[in-house]
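**Student:** Build the 3D model from these lines:
(one chain, ligands or ions: 1)
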Amino acid sequence: MSRFKPFPQALVKQALWEVYAQRERQGGSPPGREFWLKIGREVEVLHEAYTEREAEFSKGENPIHGHLGGYQFYYLPRNLFRVAHVLSRLNWRGTADGPPFPPLVGGRLRIADIGCGSGAFSLAWLGWLGQENLPPLEIALVDQGRRVLDWAEDNLRAFARLYLPQVNLTISRHTQGVVSFLRENGGDRFSVAGGGMALNELGLQDSGRGNHVHRMARSLAGLVTPGGLGLWVEPGTRQGFLNVMALREHLTEETLVYPCPHGLPCPMKRDRPGHWCHETPPLPMDFYFDQELRDWGGVGFSMREVNLSGLAFRVNATNETSRLFQKRPGARVVSERLPARGSKSSGKSQDKVVMVCTPKGTLEEQPALSLPARTRGWFLDGAEQVPMAGDGPIVSLHPSQQMGDQPPARTRPSVKKSNEVKSHKFQKPKGNKNKTGKKSGLGKNKGKPKWSRKDTNGDTP
Ligand SMILES: C[S@@+](CC[C@H](N)C(=O)[O-])C[C@H]1O[C@@H](n2cnc3c(N)ncnc32)[C@H](O)[C@@H]1O
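**Tutor:** Alright, predicted model coming up:
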C-alpha cells in the first residue's frame, strides 16, 4: 500500500468537478464568474450556519442537503483531508510481515461509511489505498438522505474511474438511519467502519443517553472484522472532542491506535476541563477549489488549516489476521507551544513548553526544544511523515485561465464572521494579539491558556 505517496488531490478535484458539472448541467463548458459566485454564495450559507450553530446540528438538520454544491467544493475537501490526515497518523509500520490491507472479508476490502454525506470518508480511503494490487473493494454508504447518497456514489465512481480504473468496485447504498443500520446489520462485518462529522446529529451528548452511546459504540465495533479498523473523525472543537470521547469510553475491548498513547481514561478530559485534544494540520497552498472560490466566488474566509479530533481503534483478534494497525509508541504533543509556567513570556523559543500525553495516561509539560516533535498532534516516536501535499499539477478551473479575464474586484460584502474566523485570514498575529486575533486577556477567554480556547470556526460541519 502506498502509504506515504502524495494524496491524489488533483484527481479527486477533477472527479468532484466532473460530478458537479454532470449533475448541474454545466456540461463541458468552462465555469464562468456566475458559476463561482453561485457556489460562493452556497459556501457562505453553509459557513454562516456552521459558525452560528457551532457545527452542532440535531437530527437531519444539517444544511448539507440543501447546498450540495457549496459542500462539494469547500467542505467535502476539508472533511476528506481530515480523514486522510488521521490515516497518515496511524502506525502502518505494523504491516512489515502482514498483508498490506486491512483484513479482507470474503475476499473483499469492505468499507462502511456511516453518515456518509457526499462521501468524504470513503473518498479519503480510496485516495489513501493507492493503486497497486488492490483487492476487490466494496463500499457501503449509509445516510438518511437519498440525494447525498447519489452524490456520494457519483463522487466515488468518478474518482475510482480516474485513479483506480482496474479496481473491482462495488457500492451498496443504505438509505436509513445510522442507528437502525448498526442494529440491523445482522453480523455483517467490514475491514474498516466509521465516518466523520456526524456525531452531533446522532445525539451522543444528549443527557441521559449513556445507553444510546454505549449501543452506538458497541455496534460500531461490532461492524469491524477482527484485526480491522474503526475510525471516526470529527471537527477539532471542544464539542467534537467530547463526542469522540463519548464513543471512546465504550471501546474498552478494542485497542486504541489513534490518538491516545494509552488506553486509560483521557487525562485531558479528566484533569483539564475546558481543554480538548485536537490537531490543526495546515492545508496545502493549492487546496482543491480554494483559489477559485477566493478569486471568483467571493469567499473571503478560506482558512489555511483545519481542526480535527479523531479516534481509531483496532478490533482485536484471538488469532491475529492482520497486524496492520498498531498503537504508536511513546508520547504525543497535545498543545501548541506555550510560555513556560512562571516565565516572563519573553517569546523566546527556549522558554516554550508543550503539553504531552504519555503512555502512562498522564499529561506532562515539557520544554519544547528538548523534543523531537513540537507540533500539536505529533507523536514523539520520531516517525512523523507528512504525506498530505497535493500531487500536482492541479487542474485549474479558474476562469482567468480559460477566458483571459482578470479576477473581479471584491465588491460583495463578506459574511458576518466569528472572531475565530477572522483569525485564520492569513493575518500574522500582531503586537499583543494572540492567534485568535483577540487581545490577550479579553473576553470569555480571559485567564485561559491559549490551547484551551474555544475554537469553533465555521469550518466544521
Ligand atoms: C455533516 S454531514 C457529514 C458528511 C460526511 N460524513 C462528511 O464528512 O463530509 C452529516 C451527515 O450525516 C447524516 N446523518 C445524520 N444523522 C443521521 C442518522 N441518524 N442516520 C443517517 N444519516 C445521518 C446527514 O444526513 C449528513 O449527510
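**Student:** Only C-alpha atoms from now on, for both contacts and neighbour counts.
**Tutor:** Will do.
**Student:** what separates Leu182 from the ligand, distance-wise?
**Tutor:** Per Cα to the nearest ligand atom, to the nearest Å, Leu182 is found 10 Å from the ligand.
**Student:** And stretch 158-170, what's buried?
**Tutor:** Neighbour-count burial for stretch 158-170, counted by 16 or more other Cα atoms under 10 Å, picks out Ala158, Phe159, Ala160, Tyr163, Leu164, Val167, Leu169.
**Student:** quick check, nearest of the residues you listed to the ligand?
**Tutor:** Lowest distance from the ligand to the buried residues of stretch 158-170 (Cα to the nearest ligand atom) belongs to Phe159, with 15.9 Å.
**Student:** Surely the closest one is in a strand?
**Tutor:** No: the assignment for Phe159, made by DSSP: H, G, I helix; E, B strand; the rest coil, is helix rather than a strand.
**Student:** How confident was the prediction at it?
**Tutor:** Per-residue confidence for Phe159 comes out at a pLDDT of 97.
**Student:** Please name the residues that touch it.
**Tutor:** Listed by Cα atoms under 8 Å, 6 or more residues apart in numbering, the contact set of Phe159 reads Leu11, Val12, Gln14, Ala15, Leu16, Leu123.
**Student:** what's the most distant pair in those?
**Tutor:** In terms of Cα to Cα, the contacts of Phe159 reach their longest pairwise distance at Gln14 and Leu123, which sit 12.8 Å apart.
**Student:** the more surrounded of the two?
**Tutor:** Set side by side, Gln14 and Leu123 show more neighbours around Leu123, with 25 against 19, by other Cα atoms under 10 Å.
**Student:** does the more buried one belong to a helix or a strand, and which?
**Tutor:** With secondary structure defined by DSSP states H and E, Leu123 is part of helix 120-129.
**Student:** Show the subsequent helix or strand relative to that helix.
**Tutor:** Next along the chain after helix 120-129, taking DSSP H and E as the criterion, comes strand 137-142.
**Student:** Pipe the contacts of Phe159 into JSON lines and attach pLDDT, distance to Glu42 and secondary structure per row.
**Tutor:** JSON lines is the format used below for the contacts of Phe159 (pLDDT from 0 to 100; distance: Cα to Cα, whole Å; DSSP: H, G, I helix; E, B strand; the rest coil):
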{"residue": "Leu11", "pLDDT": "95", "distance to Glu42": "23", "secondary structure": "helix"}
{"residue": "Val12", "pLDDT": "96", "distance to Glu42": "21", "secondary structure": "helix"}
{"residue": "Gln14", "pLDDT": "95", "distance to Glu42": "20", "secondary structure": "helix"}
{"residue": "Ala15", "pLDDT": "96", "distance to Glu42": "20", "secondary structure": "helix"}
{"residue": "Leu16", "pLDDT": "96", "distance to Glu42": "16", "secondary structure": "helix"}
{"residue": "Leu123", "pLDDT": "98", "distance to Glu42": "22", "secondary structure": "helix"}
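**Student:** Closest to the ligand out of these?
**Tutor:** Each of the contacts of Phe159 was checked against the ligand using Cα to the nearest ligand atom; the closest is Leu123, at 10.0 Å.
**Student:** I'd like the secondary structure assignment at Glu153, please.
**Tutor:** Classification of Glu153 by three-state DSSP places it in helix.
**Student:** Please renumber the chain so that the first residue is 28 from this point on.
**Tutor:** Sure thing, new numbering starts at 28, so read that last one as Glu180.
**Student:** can you pull the contacts of it?
**Tutor:** Residues Ser145, Gly146, Leu168, Ile198 are the ones in contact with Glu180 under the rule Cα under 8 Å, 6+ apart.
**Student:** Show the buried residues in those residues.
**Tutor:** Among the contacts of Glu180, those that count as buried by neighbour count (16+ other Cα under 10 Å) are Ser145, Gly146, Leu168.
**Student:** Which ones among these also lie next to the ligand?
**Tutor:** If you filter the buried ones among the contacts of Glu180 for contact with the ligand, counting by Cα under 6 Å from any ligand atom, you are left with Gly146.
**Student:** Including pLDDT and distance to Asp322, could the buried ones among the contacts of Glu180 go into a markdown table?
**Tutor:** As requested, the buried ones among the contacts of Glu180 are arranged in a markdown table below (pLDDT from 0 to 100; distance: Cα to Cα, whole Å):
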| residue | pLDDT | distance to Asp322 |
| --- | --- | --- |
| Ser145 | 96 | 25 |
| Gly146 | 98 | 27 |
| Leu168 | 98 | 34 |
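**Student:** what sits opposite the residue of the stretch 278-427 of the chain found nearest the ligand in the beta ladder?
**Tutor:** Taking Cα to the nearest ligand atom, the ligand has its nearest neighbour within the stretch 278-427 of the chain at Leu335, 11.3 Å off. The residues listed as beta-bridge partners of Leu335 by DSSP bridges are Pro262, Glu306.
**Student:** What is the burial count for the nearest residue to Leu150 once chain neighbours are set aside?
**Tutor:** Beyond its immediate neighbours in the sequence, the residue positioned closest to Leu150 (Cα to Cα, 6 or more residues apart in numbering) is Leu183, lying 6.2 Å away. Using other Cα under 10 Å, Leu183 is surrounded by 25 other residues.
**Student:** Give me the secondary structure label for Leu183.
**Tutor:** helix.
**Student:** Distance from the chain centre to the longest helix along the chain, please.
**Tutor:** With DSSP state H setting the assignment, residue counts place helix 60-79 as the longest helix in the chain. In terms of Cα atoms, centre = their mean, to the nearest Å, the centre of helix 60-79 is found 20 Å from the chain centre.
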